[in-house]
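Undergrad: let me see the structure of the following:
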Amino acid sequence: MKPYQIILADDHAILRQGIRKIIEEGNGLEVIAEVGDGLELLNALKGKKPDMVIVDISMPKIRGIEAAIEMKDLYPRLKVLILSMHKSKEYLIQAISAGVDGYLLKEDTDEELFTAIETVRNGEIYLSPNITSGLTKAFITSFRRGAGSRVDPLTTREKEILKLIVEGYTSKDISEMLHISLRTTQHHRANIQKKLMIKKMPDLVKYAMDNGYITNPE
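TA: Numbering: from 1, shown residues only. Here you go, the predicted model:
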């Protein structure tokens with residue numbers, strides 16, 4: 001039987017090596033590539049067809065969240081497991097909204113990695129036990145990418161992009177300034193409009209001013 005193939009993406013080589021060692025102790029699992037940044041990850045996927053990507057949430061060039069958005073657009077069947085040191089709800093919501101299949105805290109890797117891989121492999125959503133307290137499956141599902149029209153606070157990246165939008169920058173300009181792809185910028189822009197239920201530029205400008213993202217010109 002063909003092994004379940006995984007790509008590791010993390011800018012810390014020692015951590016990658018540790019995770020690889022754990023994975024290769026399991027039956028039927030194979031690490032077929034390691035990469036150190038988000039751009040390298042997306043390039044690697046052009047030549048390889050893994051079953052799963054395990055990706056750090058914070059990486060150079062393209063962040064793990066934005067890489068996840070791209071991967072889910074280009075390879076809908078690819079399983080994406082986020083590695084993170086962040087326990088905050090904001091990071092979790094960003095990840096789930098991007099469509100990832102699991103969120104594993106780095107501190108839980110030694111004990112939970114195999115559980116996370118198998119849970120995601122079986123089509124379930126995996127969350128580290130240290131961040132699941134008080135969270136329900138309905139909460140998680142409500143933030144899955146494309147789910148519902150619920151209005152939620154903007155993420156840090158969306159606030160940054162909103163500020164640039166109302167300052168008159170095009171999606172192409174924003175992509176170049178933030179070193180992300182045009183597709184990712186457009187996804188963030190659509191998410192902003194969806195969350196705020198605002199489509200017209202004057203209304204976006206008003207929202208940005210009311211919430212302190214830009215100052216009211218004298």
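Undergrad: tell me the phi and psi of the residue most central in space within the chain?
TA: Closest residue to the average C-alpha location of the chain: Ile65 at 2.2 Å, with C-alpha atoms, centre = their mean. Per-residue torsions, Ile65: phi -60, psi -50 (degrees, to the nearest 10).
Undergrad: next: Arg77.
TA: Dihedral angles for Arg77 - degrees, to the nearest 10 - are phi -90, psi -10.
Undergrad: same deal with the one 3 residues further on?
TA: Here is the backbone geometry of Val80 (degrees, to the nearest 10): phi -120, psi 120.
Undergrad: isn't it up against Leu104?
TA: No. Applying C-beta atoms under 8 Å, one finds Val80 not in contact with Leu104, separated by 11.2 Å. To be clear about C-beta, it is placed using only N, CA and C from the backbone, and glycine gets the same treatment.
Undergrad: tell me which stretches of this structure form helices.
TA: With helices called from DSSP state H, the chain shows them at 13-24, 38-47, 64-74, 89-97, 109-121, 137-142, 156-166, 171-178, 182-196, 201-210.
Undergrad: poorly predicted segments of the protein, please.
TA: Where the chain drops to pLDDT under 70, the residues are 132-153, 214-218.
Undergrad: walk me through the domains of it.
TA: 4-142, 156-210 (automatic domain parsing).
Undergrad: what are the bridge partners for Ala9, then?
TA: For Ala9, the beta-bridge assignment (DSSP bridges) gives partners Val35, Val55.
Undergrad: what sits against it?
TA: Contacts for Ala9 (C-beta atoms under 8 Å, 6 or more residues apart in numbering) come out as 34-38, 40-41, 53-56, 59, 64, 67.
Undergrad: how many neighbours does Glu107 have?
TA: 13 (other C-beta atoms under 10 Å).
Undergrad: wait, it sits on Leu113?
TA: No. Using C-beta under 8 Å, Glu107 is not in contact with Leu113, being 11.7 Å away.
Undergrad: between these two, which contacts overlap?
TA: Counting by C-beta under 8 Å, 6+ apart, nothing touches both Glu107 and Leu113.
Undergrad: and the residue nearest to the centre of the chain, what does it touch?
TA: Counting by C-beta under 8 Å, 6+ apart, Ile65 has contacts Ile57, Ile82, Gln94, Ala95, Ala98, Arg157.
Undergrad: measure the first one to Tyr4 for me?
TA: Taking C-beta to C-beta, to the nearest Å as the measure, Ile57 falls 22 Å from Tyr4.
Undergrad: and if you look at the third one?
TA: Here Gln94 is placed at a distance of 27 Å from Tyr4 (C-beta to C-beta).
Undergrad: what comes up buried for stretch 205-214?
TA: By 16 or more other C-beta atoms under 10 Å, the buried positions in stretch 205-214 come out as Val205, Tyr207, Ala208, Tyr213, Ile214.
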